[in-house]
Every structure is written in C-alpha cells, then in structure tokens.
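Enquirer: Task: produce atomic coordinates for the following.
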Amino acid sequence: VLLSLTSVGLTTGVSNLSAWYQALGNQRVIDQVRGQAVKLFLLLALVPCGLLLLFSDGVSVYLLGDARTRLGLMLLVPCLVLTGIENLQKHYFYGTGRVCPALCEAACTCGLNGQPVTVKDNELGIIEEAWEQGLMSPRPPETRTGRTVAVVGSGPASLTCASDLAKHGYEVTIFEAFHTAGGVLVYGIPEFRLPKTIVQKEVDGLKELGVTIATDTVIGRTITVDELMEEQGFEAVFIGSGAGLPMFMNIPGVNYKGVLSANEFLTRINLMKAYKPDSDTPIQHPKKVAVVGGGNVAMDAARCAKRLGAEVYVVYRRGMEELPARKEEVEHAEEEGIIFKTLNNPVEILADENDNVNKIRCIKMELGEPDASGRRRPIEVPGSEFELDVDCVIMALGTSPNPLIKSTTKGLEINKKGGIVVNEDGLSSREHVY
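Expert: Here you go, the predicted structure:
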C-alpha cells in the first residue's frame with residue numbers, strides 16, 4: 001500500500017518509508033493507513049494528479065485522505081524534501097498548502113463527478129502539525145567541504161539551493177538586495193496568504209544549517225558576479241534573483257501620480273509596512289482603485305487595496321472564465337467585495353491639473369478566435385469607451401528579469417526575454433555560474 005501511494009514508489013525506497021514509520025512511531029498512524037488503504041488505492045489507480053506533478057514540480061506523493069489524520073506526513077515530506085527523509089529539513093514547506101498553484105487538484109479524477117480532493121488543505125494541516133511536533137528541525141551536516149558558493153537572491157529558488165548545498169557541507173552565503181531575506185515570499189505575497197512568521201522560520205532554519213545571509217546587497221551594483229568570484233573567492237554562483245522588473249501598458253497617462261506597478265504596491269505594503277501612519281515611506285490610501293490584470297498577483301493587489309479601505313475594480317480584457325488567477329483566489333476576492341470589470345481594457349489614464357490620477361478610460365471587449373496561446377483573442381468593440389472614477393491604478397501585467405545582472409556580468413548569455421540561458425544542469429554560459 002505504501003509503495004502504491006507514490007507514482008515513483010520504487011525510487012522513494014522501502015527503507016525511507018520505514019524510517020517514517022519510526023519517525024511517527026505509534027500504532028494509531030499504522031491503523032489509519034490501513035483504514036484508508038482502499039480509498040487511497042482506488043484514487044491513485046487513476047493518477048493524473050500524481051503524474052502531472054511528477055512532470056511539473058517533481059512532486060509525486062500526495063495524501064488523498066482526511067487531513068485530520070495527519071498520516072500523510074510520512075508520505076508528503078519525503079517527496080518534498082529532495083535530499084531525503086533522514087534530514088527532516090524542508091523545501092517549499094512555507095508554500096505547501098498555502099501558495100502553491102494546486103495543479104494536482106485541477107487534474108484530480110474526483111473532480112469528474114464532484115469536487116476534487118482538497119490536497120492543499122490536507123498539505124497545510126500536515127505541515128502545520130509537523131512544525132508543532134518539532135519534526136522539521138534542521139540538522140547541520142557532520143562534515144564541511146570547505147568549498148564556497150554565493151547565492152544571489154533569497155526567494156524560493158535561492159532558499160532551496162542554499163538549503164541543499166548547506167546540507168551537503170558547502171559554505172553558502174546568500175546575497176539579498178532588500179533588508180529582509182525571503183524574496184517574493186516576504187515582499188510579494190500578502191500576510192493573509194502567507195504569514196511572514198512562517199518564512200522567517202525557513203530563514204532561521206538556514207542559519208542553523210550554517211548559511212550566511214547578507215542583506216542590503218544589490219548584485220550588479222554593490223558588487224558584481226565577477227567580483228564575488230575573483231575578489232571574494234566564491235567557487236560558484238547561483239543566480240536566483242527572480243523577475244522583478246514590472247510591465248506597464250503602452251497607453252497615455254501611465255506616468256501620472258497614482259499609477260503603480262503591483263510589484264511596488266505589494267512591496268511597500270508587505271515589506272515596508274507603508275500603510276502604517278508612522279511609516280517613513282507612507283503609501284497613498286486610495287478611495288477607488290483599478291487593478292489592471294487577472295492573475296494571482298492582481299488578486300493580491302486588489303485584496304490589499306481593499307484592506308486599505310478602497311473600492312476596488314479588477315479590469316481584465318477577457319471574461320471571468322479566462323481569468324488566469326486560481327479559482328480560489330477569485331472567489332476570495334469576490335467574497336471581499338472586489339468588483340470585476342471583465343471584457344474591458346484600459347486605453348488611457350486621465351489626471352487632474354496636478355497630474356493626480358482621477359479616471360481610467362476603458363473600452364469594452366468581445367472574444368474572438370483563439371490566439372497562439374490557445375485562449376480566445378479579445379477584440380475591441382468600436383464606440384464602447386467609458387470611464388471609471390479612480391484615484392489609483394495598479395498594473396499587474398507580469399514581470400521580467402531585471403537587466404542589472406546581465407549588464408554587469410561578462411559573457412553571460414541571455415535569451416530574448418531577458419532570462420539566463422542554461423544547459424540541462426542549470427549551468428550558464430559562464431563557468432561555475434548557475
């Protein structure tokens with residue numbers, strides 16, 4: 001039964017699963033496994049959720065049962081912790097059940113005749129109990145290699161890389177541009193979706209593993225990749241700086257006061273606490289806000305603006321069914337009173353005599369034939385322009401990599417979208433730069 005609970009059970013290994021019996025250590029857990037064996041086996045006999053995750057996230061084991069039993073801890077943790085069960089150290093535990101896209105639920109066969117299994121909720125319950133029981137304590141390596149690696153950025157990719165390297169005995173230093181480590185986990189995702197105390201646990205765990213974290217260090221400005229290797233002696237560099245360069249619409253008025261990127265808006269709220277009256281960099285408390293875009297970031301920005309007391313519109317050029325945001329996030333936004341202006345697209349932002357935003361002009365859209373992405377192409381409806389009274393416009397249209405690192409690193413090959421070109425091992429065109 002235990003081997004049937006994973007789409008790659010043989011590679012997980014009987015010894016590892018047995019170790020988890022010992023880790024949980026009581027007959028109650030074993031009885032609960034037996035009690036749900038039939039249900040688990042039948043659900044996993046048709047494993048699109050497991051297969052989808054195997055090829056997308058590298059995650060192959062999921063508890064498809066009652067989260068209250070917590071029996072999934074012995075199955076969930078081994079597949080998320082890529083270095084093995086014996087460390088009980090974490091990879092993406094801060095996101096498990098909280099901010100993951102839940103591709104498994106979208107592919108769950110239970111959804112054919114009803115609701116899919118609530119994998120996210122199960123994961124969240126399992127991991128929270130694991131934290132409470134002290135099963136997630138990091139274990140520093142017994143020996144050190146003496147080799148040094150610099151990790152640029154401190155978001156999910158960098159935290160995971162640093163954790164893996166530290167557990168293999170490498171001396172790792174993380175360089176973070178902001179004053180707090182955590183990357184998008186602390187500056188991008190709101191507190192109501194991901195409490196920052198959880199991220200801090202992850203960062204503290206890395207420190208216990210021996211990882212050094214240098215904040216307020218902008219790679220490419222404070223120090224370059226070349227200087228890290230040539231002057232400071234790092235043998236390798238991992239670049240996990242993310243995509244922090246926001247996109248704006250090419251329409252009149254985007255430079256008026258009150259037009260923000262979702263990146264800036266969320267960073268100032270989540271990281272800088274600029275909504276507080278005593279903030280050194282206070283943020284505007286708008287009365288009416290238009291959030292342009294329909295993804296998860298747009299939902300985050302809209303819900304944050306709502307918490308500032310604003311009336312909030314989400315302006316999206318396709319329909320409700322085409323919203324790229326997770327259904328759950330859209331439902332939460334609707335429950336909180338966010339107004340969706342779908343099948344509408346901004347064409348101009350207007351302002352008063354002091355250049356403060358006071359309106360956004362939109363045009364109605366209709367859906368035509370599918371475009372290259374497979375989604376139906378939005379087409380303007382002639383003569384359908386209208387205006388919304390707003391004093392703030394937030395652009396949530398996606399991001400691209402900041403060009404700072406590529407422009408200051410010799411011989412670093414970049415693709416047309418600004419991403420670093422790498423081989424199948426993650427190695428860039430520069431030796432020892434990943």
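Enquirer: all contacts plus neighbour counts: C-alpha atoms, from now on.
Expert: OK.
Enquirer: Check which residues of the helix or strand containing Phe265 are buried.
Expert: Element membership for Phe265 (DSSP states H and E) is helix 262-270. By 16 or more other Cα atoms under 10 Å, the buried positions in helix 262-270 come out as Ala262, Asn263, Glu264, Phe265, Leu266, Thr267, Arg268, Ile269, Asn270.
Enquirer: the inter-axis angle of the following helix or strand past that helix versus helix 262-270?
Expert: Going down the chain from helix 262-270, the next helix or strand is strand 288-292, by DSSP H and E. Strand 288-292 runs at 130 degrees relative to helix 262-270, counting by axes from the mean of the first three to the mean of the last three Cα atoms, to 10 degrees.
Enquirer: now what about strand 288-292, what contacts it?
Expert: With contact meaning Cα atoms under 8 Å, 6 or more residues apart in numbering, strand 288-292 is reached by 298, 301-302, 305, 310-316, 346, 360, 389-397.
Enquirer: at 7 Å what do you get?
Expert: Around strand 288-292, the neighbours that count as contacts under Cα atoms under 7 Å, 6 or more residues apart in numbering are 298, 302, 310-316, 390-396.
Enquirer: So which of those sit within helices?
Expert: Assigned to helices by DSSP state H, the following of these qualify: Ala298, Ala302.
Enquirer: can you pick the most crowded of the contacts of strand 288-292?
Expert: Ala302 (30 neighbours; other Cα atoms under 10 Å).
Enquirer: gap between the two ends of stretch 164-173?
Expert: 13 Å (Cα to Cα, to the nearest Å).
Enquirer: quick one: the helices in the stretch 151-300 of the chain?
Expert: 156-167, 184-187, 196-208, 225-230, 262-270, 296-307 (DSSP state H, counting those that start in this stretch).
Enquirer: Out of those helices, which gets nearest to Phe238?
Expert: helix 156-167 (7.6 Å; Cα to Cα).
Enquirer: how about low-confidence regions in the protein?
Expert: Applying pLDDT under 70 to the chain flags residues 1-96, 135.
Enquirer: From Ala396, how far off is the nearest residue to Gly309 once chain neighbours are set aside?
Expert: Nearest non-adjacent residue to Gly309, counting by Cα to Cα, 6 or more residues apart in numbering: Lys287, 6.9 Å away. Noted for Lys287: a distance of 19 Å to Ala396, by Cα to Cα.
Enquirer: try Ile269
Expert: Counting by Cα to Cα, the gap from Ile269 to Ala396 is 15 Å.
Enquirer: number of nearby residues for Arg193?
Expert: A count of neighbours around Arg193, defined by other Cα under 10 Å, yields 13.
Enquirer: Count residues in the vicinity of Ala181, would you?
Expert: 25.
Enquirer: cool, and Leu124?
Expert: A count of neighbours around Leu124, defined by other Cα under 10 Å, yields 18.
Enquirer: Mind telling me what element it is part of?
Expert: Applying DSSP H and E, one finds Leu124 within helix 119-132.
Enquirer: what helices or strands is that helix leaning on?
Expert: Applying 3 or more Cα pairs under 7 Å, 6 or more residues apart in numbering; DSSP states H and E, we find helix 119-132 packed against no helix or strand.
Enquirer: Now do that helix against helix 196-208, angle only.
Expert: Going by the same axes, to 10 degrees, helix 119-132 makes 50 degrees with helix 196-208.
Enquirer: Any idea how far helix 119-132 is from the middle of the chain?
Expert: Centroid displacement of helix 119-132 relative to its chain, using Cα atoms, centre = their mean, to the nearest Å, is 18 Å.
Enquirer: Could you tell me whether Glu366 really is in a strand?
Expert: Yes: judged by DSSP: H, G, I helix; E, B strand; the rest coil, Glu366 forms part of a strand.
Enquirer: List the contacts of it.
Expert: By Cα under 7 Å, 6+ apart, Glu366 lies in contact with Leu343, Pro378, Ile379, Glu380, Val381.
Enquirer: Tell me the one among the residues you listed nearest to Cys110.
Expert: Leu343 (31.8 Å).
Enquirer: What number of residues are in the vicinity of the closest one?
Expert: The local packing of Leu343 (other Cα under 10 Å) involves 22 other residues.
Enquirer: For Ala162, which residues are in contact?
Expert: Val151, Val172.
Enquirer: any idea how far it is from Ile189?
Expert: Relative to Ile189, and taking Cα to Cα, Ala162 is found at 21 Å.
Enquirer: Could you pull up phi and psi at the residue nearest to Gly309?
Expert: Torsion angles at Lys287 (phi, psi; degrees, to the nearest 10) stand at phi -90, psi -40.
Enquirer: and what of His332?
Expert: Torsion angles, degrees, to the nearest 10, at His332: phi -60, psi -40.
Enquirer: The helix holding Leu124: which residues count as buried?
Expert: By neighbour count with 16+ other Cα under 10 Å, helix 119-132 contains the buried residues Val119, Lys120, Asn122, Glu123, Leu124, Gly125, Ile126, Ile127, Glu128, Glu129, Ala130.
Enquirer: show me the contacts for the last one.
Expert: In this case it means Ala130. Met136.
Enquirer: beta partners for Val152?
Expert: On the basis of DSSP bridges, Val152 is bridged to Phe175, Ile239.
Enquirer: Check Thr342 too.
Expert: Tyr316.
Enquirer: follow-up on the earlier one: other SSEs contacting the helix holding Phe265?
Expert: So helix 262-270, by 3+ Cα pairs under 7 Å, 6+ apart, packs with helix 184-187.
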